[in-house]
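Undergrad: just coords:
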């Protein structure tokens with residue numbers, strides 16, 4: 001019998017039962033199977049707050065914090081949650097108009113979508129934060145304040161070494177390699193310098209806090225007493241080899257000059273100071289005006305963000321002669337007593353190349369040739385090295401000579417622990433073939449023996465070369481970070497390995513070392529003498545040519561000095577280059593002398609204080625270039641400058 005023929009009561013019961021079954025099934029689906037509405041309910045009652053960790057602090061060799069954290073806040077927005085807020089008052093507090101407000105909401109939607117938070121106003125000033133904090137309930141739901149630790153630099157130096165941090169870019173987040181998979185929109189990441197190299201160590205781990213909200217969206221306390229929270233883990237601290245006093249002195253003396261200073265502890269490879277001039281106050285790239293200042297620095301005519309210490313390549317001039325001597329000694333083509341009859345120049349290649357000396361005996365042996373900086377002697381040593389018959393031809397001889405340079409870290413990256421290091425230039429066979437169309441011999445580039453020709457080295461490479469001589473044949477890869485707090489990884493292992501590059505007898509090595517000592521005691525580097533300390537060094541004047549309107553023009557020479565001290569048990573090796581400044585005794589030697597004395601004696605003698613004042617006040621940048629630069633005006637607004645000035649006064653008056 002059909003159900004429609006049943007009594008009316010039964011039909012109504014079946015209909016009601018069916019409706020109830022549908023309702024129960026739907027409720028089961030919504031509450032058990034589908035979690036969307038559960039999440040929405042939780043979102044209405046709970047606030048998920050990201051806790052950003054403090055980045056690791058960076059300390060110098062004496063435990064002084066050279067980079068630390070300050071607390072600022074970002075205003076975050078979740079676009080879909082913005083409803084019925086006082087837009088006019090928020091715009092007034094932030095100093096923006098309604099049009100800008102709408103634009104930022106649209107940008108937030110585009111970056112992170114409508115339901116994920118993104119930065120609406122970054123790194124709020126204390127004044128703006130104070131106004132927002134007391135009235136945040138007026139802008140909820142939709143807006144929240146998130147603590148953001150930012151960097152500050154108490155001494156206002158080391159910008160090209162420390163680097164800066166910035167919000168991670170969309171391009172990084174979209175990187176398919178997975179390199180940035182641990183980051184999300186709004187996170188900050190190291191962009192340059194130590195911040196970039198040691199990002200994984202410094203960044204720490206973000207935490208999450210869940211808060212209960214009331215019916216007015218005001219936080220009332222932790223959810224379930226914090227049971228679901230995860231704590232932020234601070235980044236690890238770095239301990240540097242850098243001496244912040246040397247860094248400060250170096251940057252002050254390089255103000256108004258183009259060039260570089262690199263000082264290294266030969267016994268460890270730890271970099272004591274690295275200066276690239278002109279430089280800038282790193283506080284300019286921290287805080288609310290970072291983006292604006294970054295644009296100005298990147299476009300400034302004097303290129304303050306270009307780290308000349310590791311990225312610029314210079315003809316080393318006479319500072320290269322000790323390297324030429326070491327290679328010839330190691331190959332065995334000459335001994336320390338080898339002499340050359342230089343009569344004012346070198347004429348063994350069919351053309352006469354003048355030397356600065358013509359007195360008899362000035363190149364009687366390796367020591368004398370270095371002390372007198374005889375060009376002819378070292379051009380001849382280069383030719384003897386590459387023409388050595390045991391290599392089987394000029395091509396193989398040149399390749400062997402270049403391999404010596406590579407072993408010493410020249411013509412390749414040394415591996416310093418900050419990015420953008422360049423390899424420099426050496427005359428390998430490929431370059432020689434290009435330069436001379438495959439037709440060349442040892443006379444073609446004889447000038448490299450005296451540090452000119454197809455040769456360009458970075459200041460870091462020159463300082464490391466002095467470490468090799470100071471250590472009598474070995475070096476450690478130059479580096480800033482000596483240790484990492486609570487770290488058990490092998491990240492610093494490459495900087496603890498000794499690299500031996502020469503197997504020269506002590507007698508032969510001493511001929512080079514004594515020659516460099518003679519340069520200081522009775523030669524062109526007398527200005528670096530320190531009472532009671534044996535100093536070794538070599539001055540250099542590198543030719544500086546440029547192509548202007550299709551013509552090769554001779555410009556003012558670069559001033560160079562390299563050296564180390566003490567002669568035995570060395571503690572500091574240094575390279576100083578001042579561009580377009582003429583003779584080395586004018587700038588490079590005085591700058592090196594002050595830094596070496598300060599590091600070795602922890603003071604600056606009375607006789608050198610007038611020299612220090614002169615180095616700080618003198619300017620070698622051309623008036624035309626300086627007039628176009630905005631660097632001086634930018635540096636003058638740094639709120640941390642007084643700390644560095646105070647330390648400088650203490651150093652001078654010590």
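TA: Received the coordinates, thanks. Worth saying up front: this structure is predicted, and the values here are computed from it rather than measured.
Undergrad: Look at residue 148 and tell me its secondary structure.
TA: Following DSSP: H, G, I helix; E, B strand; the rest coil, residue 148 is assigned to strand.
Undergrad: Surely it touches residue 129?
TA: No. In this structure residue 148 lies outside contact range of residue 129 using C-beta atoms under 8 Å: 10.6 Å. Where you see a C-beta, it was placed from the backbone N, CA and C, and this is true even at glycine.
Undergrad: anything in contact with each of those two?
TA: 72-73 (C-beta atoms under 8 Å, 6 or more residues apart in numbering).
Undergrad: What is the burial count for residue 98?
TA: 10 (other C-beta atoms under 10 Å).
Undergrad: Distance check, it against residue 105.
TA: Note on residue 98: its distance to residue 105, by C-beta to C-beta, to the nearest Å, is 11 Å.
Undergrad: what do you get for residue 468?
TA: From residue 468 to residue 105 the distance is 60 Å (C-beta to C-beta).
Undergrad: Give me the more crowded residue out of these two.
TA: residue 468 (24 against 18).
Undergrad: quick check, the more buried one in a helix?
TA: Yes. Under three-state DSSP, residue 468 falls within a helix.
Undergrad: Give me the three-state assignment for the closest residue to it other than its chain neighbours.
TA: Counting by C-beta to C-beta, 6 or more residues apart in numbering, residue 468 lies nearest to residue 475, which is 5.0 Å off, once chain neighbours are set aside. Three-state assignment for residue 475 (three-state DSSP): strand.
Undergrad: residues touching residue 475, list them.
TA: Residue 475 neighbours (C-beta under 8 Å, 6+ apart): 266, 269, 408-409, 464, 467-468, 498-499, 501.
Undergrad: So which of those residues sits lowest on pLDDT?
TA: Ranked by pLDDT, those bottom out at residue 501, which has 90.
Undergrad: quick one: stretch 81-90 to chain centroid distance?
TA: 43 Å (C-alpha atoms, centre = their mean, to the nearest Å).
Undergrad: Stretch 93-108 now?
TA: That offset, for stretch 93-108, works out to 35 Å (C-alpha atoms, centre = their mean).
Undergrad: That one: which residues count as buried?
TA: 93-94, 101, 104-105, 108 (16 or more other C-beta atoms under 10 Å).
Undergrad: quick one: low-confidence ranges for the protein?
TA: Scanning the chain with the threshold set as pLDDT under 70 gives 1-7, 28-47, 49, 213-221, 223-227, 543-555, 637-643, 654.
Undergrad: would you turn the contacts of residue 475 into a markdown table with distance to residue 80 and secondary structure?
TA: As requested, the contacts of residue 475 are arranged in a markdown table below (distance: C-beta to C-beta, whole Å; DSSP: H, G, I helix; E, B strand; the rest coil):
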| residue | distance to residue 80 | secondary structure |
| --- | --- | --- |
| 266 | 61 | coil |
| 269 | 54 | coil |
| 408 | 62 | coil |
| 409 | 56 | coil |
| 464 | 57 | helix |
| 467 | 60 | helix |
| 468 | 63 | helix |
| 498 | 60 | strand |
| 499 | 59 | strand |
| 501 | 63 | coil |
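Undergrad: Buried subset of those, written for ChimeraX?
TA: Applying 16+ other C-beta under 10 Å to those, the buried members can be selected in ChimeraX as follows:
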select :266,269,408,409,464,467,468,499,501
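Undergrad: Make JSON lines out of the contacts of residue 475 and add distance to residue 67.
TA: Formatted as JSON lines, the contacts of residue 475 follow (distance: C-beta to C-beta, whole Å):
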{"residue": "266", "distance to residue 67": "26"}
{"residue": "269", "distance to residue 67": "21"}
{"residue": "408", "distance to residue 67": "32"}
{"residue": "409", "distance to residue 67": "28"}
{"residue": "464", "distance to residue 67": "25"}
{"residue": "467", "distance to residue 67": "26"}
{"residue": "468", "distance to residue 67": "31"}
{"residue": "498", "distance to residue 67": "30"}
{"residue": "499", "distance to residue 67": "30"}
{"residue": "501", "distance to residue 67": "34"}
